[in-house]
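**Student:** this is a predicted model, with the sequence first.
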Amino acid sequence: MILDVYIGDLDDLFFKWEGGDHNGNVPYFKHAFPYRDKWEAFWRVVRKIETGEFQGKQTDWAGWVAKVNKSQIAGFLRELCEEKGEDSDPEALLTALEDGRLYALVAVEC
């Protein structure tokens, strides 16, 4: 089982927030998530959706999507890196993201 976490576009034409068929219904990859432990990041995204900390839901048989902004992505990365003592540099990702826009934080089994 390979787990991945990435940033996608909620406006992806092939993604349906409502009424998807659970057969590949996750936004396409747009930005890599700069955290090495994809297993931990995957389950953390799922838990944050399930507890309501992130607005999101399961949109595919093996995919969860959270609607998050740049600040939430930065906080999530900080939380993961500080907890594990990982020295990840999210600046390239955060620079590429626009303020005031919602993104898809995608946790998916490939």
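**Tutor:** Thanks, I have it.
**Student:** give me the number of residues near residue 46?
**Tutor:** 18 (other Cβ atoms under 10 Å). (Glycine included, C-beta is placed from N, CA and C.)
**Student:** other SSEs contacting the host helix or strand of it?
**Tutor:** Under the criterion of DSSP states H and E, residue 46 resides in helix 38-50. Packing contacts for helix 38-50, counted by 3 or more Cβ pairs under 8 Å, 6 or more residues apart in numbering; DSSP states H and E, involve strand 3-8, strand 55-60, strand 63-69, helix 70-84, strand 102-109.
**Student:** so where's this protein uncertain?
**Tutor:** Residues of the chain that meet the criterion pLDDT under 70 lie in 84-89.
**Student:** one more time with 90, if that's ok
**Tutor:** Residues of the chain meeting the criterion pLDDT under 90: 1, 19-23, 33-37, 78-93, 110.
**Student:** before we move on, the earlier item: and the helix holding residue 46, how far out from the chain middle?
**Tutor:** Offset of helix 38-50 from its chain centre (Cα atoms, centre = their mean, to the nearest Å): 9 Å.
**Student:** kindly calculate the angle that it makes with strand 3-8.
**Tutor:** Counting by axes from the mean of the first three to the mean of the last three Cα atoms, to 10 degrees, helix 38-50 points 60 degrees away from the direction of strand 3-8.
**Student:** next, the angle strand 102-109 makes with helix 38-50.
**Tutor:** Going by the same axes, to 10 degrees, helix 38-50 makes 120 degrees with strand 102-109.
**Student:** give the buried residues for helix 38-50.
**Tutor:** Neighbour counts over helix 38-50 (16 or more other Cβ atoms under 10 Å) mark 38, 40-42, 44-46, 48-49 as buried.
**Student:** as CSV, those with distance to residue 55 would be great.
**Tutor:** Output for the buried residues of helix 38-50, formatted as CSV (distance: Cβ to Cβ, whole Å):
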residue, distance to residue 55
38, 22
40, 21
41, 18
42, 18
44, 15
45, 12
46, 14
48, 10
49, 8
